[in-house]
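Sequence below, structure please.
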Amino acid sequence: MPITKIPQKRCQEILRHLKDFDIVTFQEAFSKRVHDTIEQADFSYKFVGQYGRLIPFFQRLGNGLAILSRYPIVETAWIKFSNFWVTDFDIFANKGVLFSRIQIDKNTQIDVYTTHLQATNRNYYSDFIRHRQLKTLKEFIISHSQGNPIIVTGDFNIPDNSPMYPAITYLLQAKDSWAESKSANLENPEKATCHDENGFTSCNENTWNSTDPHERNQRIDYIFYKNGRSSSLEVVDSEVVFKNELLDGENLSDHFALSSTFKLINNPPINMPSLDTGSSSR
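Residues are numbered from 1 along each chain as shown. Next up is the predicted model:
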């Protein structure tokens with residue numbers, strides 16, 4: 001949800017479509033009005049990131065991140081990125097990572113993370129920044145998650161046909177939910193449409209992007225997942241949603257949303273072999 005006209009009304013409209021979702025994450029919810037709107041969302045549990053004043057006051061925006069859940073959130077944390085391109089809009093945003101530990105049932109927890117990486121692609125340095133931010137994300141996950149299943153969502157600004165993409169799955173040691181459930185056709189992404197089931201969340205069919213001749217059809221928003229010790233996640237399906245929902249003739253966001261359905265499986269206990277150290281006498 002970028003800072004464009006009527007962001008609060010568009011946020012309200014997005015929230016109106018979330019009744020069938022159990023866990024939702026937001027990026028680019030920068031302004032105070034959007035922040036406050038999300039705080040009032042019809043979810044019992046929320047972790048909404050910090051916000052700040054708008055650019056004319058020369059103070060940084062909020063981190064734009066939020067996690068909404070219908071299950072109890074029992075632990076939260078966040079970290080701010082120290083790397084960003086100083087000549088871009090990112091300098092005004094406290095970009096980073098949000099973390100929530102969600103209690104699914106008495107014995108099962110899931111650790112959910114959401115993030116928003118460096119936005120621009122000006123030169124090699126943009127990829128360098130994103131790689132540094134990915135390492136921060138990895139270290140943050142290691143410091144908070146030791147055994148629970150993990151879900152990592154966000155706007156990574158890294159297309160899945162980019163040389164940078166393998167770095168995500170390698171650093172996080174996680175699977176891409178859309179790639180696991182679909183078969184992407186990326187031979188000619190410029191000729192594919194957003195409705196070709198290629199998982200494009202950013203594309204030139206979106207009303208916010210159609211005036212930009214440089215906008216390409218890209219899959220840059222992801223839901224990654226990793227199994228835990230006592231329970232595992234099995235992706236059932238993934239789809240791009242909110243492609244046709246409009247407000248005043250325009251899409252609700254400059255990115256379409258990504259939805260994944262998971263099956264939570266309890267792993268069987270590991271039976272450790274016993275060793276008989278008894279001694280015998282003659």
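
For this structure, which segments are assigned as helices?
7-16, 32-39, 124-144, 165-172, 177-181 (DSSP state H).

Pick the most buried one from the ones you listed.
Mean neighbour count, computed with mean count of other CB atoms under 10 Å, is highest for helix 177-181 among those, reaching a mean of 20. (Glycine included, C-beta is placed from N, CA and C.)

Residue 109: how many residues sit nearby?
21 (other CB atoms under 10 Å).

how about low-confidence regions in the stretch 101-250 of the chain?
Across the stretch 101-250 of the chain, residues meeting the criterion (pLDDT under 70) sit at 121-123, 183-197, 207-208, 210-215, 246-249.

Now do the strands in it.
108-116, 150-155, 175-176, 221-226, 231-241, 246-247, 250-251 (DSSP state E, counting those that start in this stretch).

tell me which strands and helices the second one is in contact with?
Here strand 150-155 is seen to pack against strand 23-26, strand 108-116, helix 124-144, strand 221-226 when contacts are counted using 3 or more CB pairs under 8 Å, 6 or more residues apart in numbering; DSSP states H and E.

okay if I get those as a markdown table plus distance to residue 171?
Formatted as a markdown table, these follow (distance: least, CB to CB, whole Å):
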| stretch | distance to residue 171 |
| --- | --- |
| strand 23-26 | 19 |
| strand 108-116 | 12 |
| helix 124-144 | 5 |
| strand 221-226 | 10 |
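
Of these, which is nearest residue 206?
Closest to residue 206 of the helices and strands packed on strand 150-155, according to CB to CB: strand 221-226, at 12.2 Å.

which residues touch the closest residue to residue 202 other than its chain neighbours?
Closest residue to residue 202 apart from its sequence neighbours, by CB to CB, 6 or more residues apart in numbering: residue 218 at 4.8 Å. Contacts for residue 218 (CB atoms under 8 Å, 6 or more residues apart in numbering) come out as 159, 189, 200, 201, 202, 203.

ok, 10 Å please
157-162, 186, 189, 198-204, 255 (CB atoms under 10 Å, 6 or more residues apart in numbering).

Highest neighbour count among those residues?
Taking other CB under 10 Å as the neighbour criterion, residue 200 ranks highest of the contacts of residue 218 with 29 neighbours.

ok, it to residue 236 distance?
21 Å (CB to CB, to the nearest Å).

again with residue 18
19 Å.

Could you do residue 40 as well?
31 Å.

Please name the nearest non-neighbouring residue to residue 201.
In space, and not counting its chain neighbours, residue 201 is closest to residue 221: 4.0 Å by CB to CB, 6+ apart.

right, and the one you found touches residue 258 too?
Yes. Residue 221 lies in contact with residue 258 (CB atoms under 10 Å); the separation is 5.1 Å.

shared neighbours of those two, anything?
153, 154, 155, 178, 199, 201, 240.

Distance to residue 71 for those residues - can I get that in JSON lines?
Converted to JSON lines, these look like this (distance: CB to CB, whole Å):
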{"residue": "153", "distance to residue 71": "16"}
{"residue": "154", "distance to residue 71": "20"}
{"residue": "155", "distance to residue 71": "24"}
{"residue": "178", "distance to residue 71": "23"}
{"residue": "199", "distance to residue 71": "26"}
{"residue": "201", "distance to residue 71": "25"}
{"residue": "240", "distance to residue 71": "24"}
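
Out of those, flag the one nearest to residue 30.
residue 155 (12.5 Å).

residues touching that closest one, list them.
Shown in contact with residue 155 (CB under 10 Å, 6+ apart): 25, 27-28, 64-65, 95, 114-117, 119, 201-202, 220-222, 255, 258.

repeat that with 8 Å
Per CB under 8 Å, 6+ apart, neighbours of residue 155: 27, 28, 115, 116, 117, 220, 221, 255.

Give me the distance between it and residue 265.
Separation of residue 155 from residue 265 (CB to CB): 29 Å.

How about residue 135, nearest residue that isn't a chain neighbour?
Here the residue nearest residue 135, using CB to CB, 6+ apart, is residue 171, at 6.6 Å.
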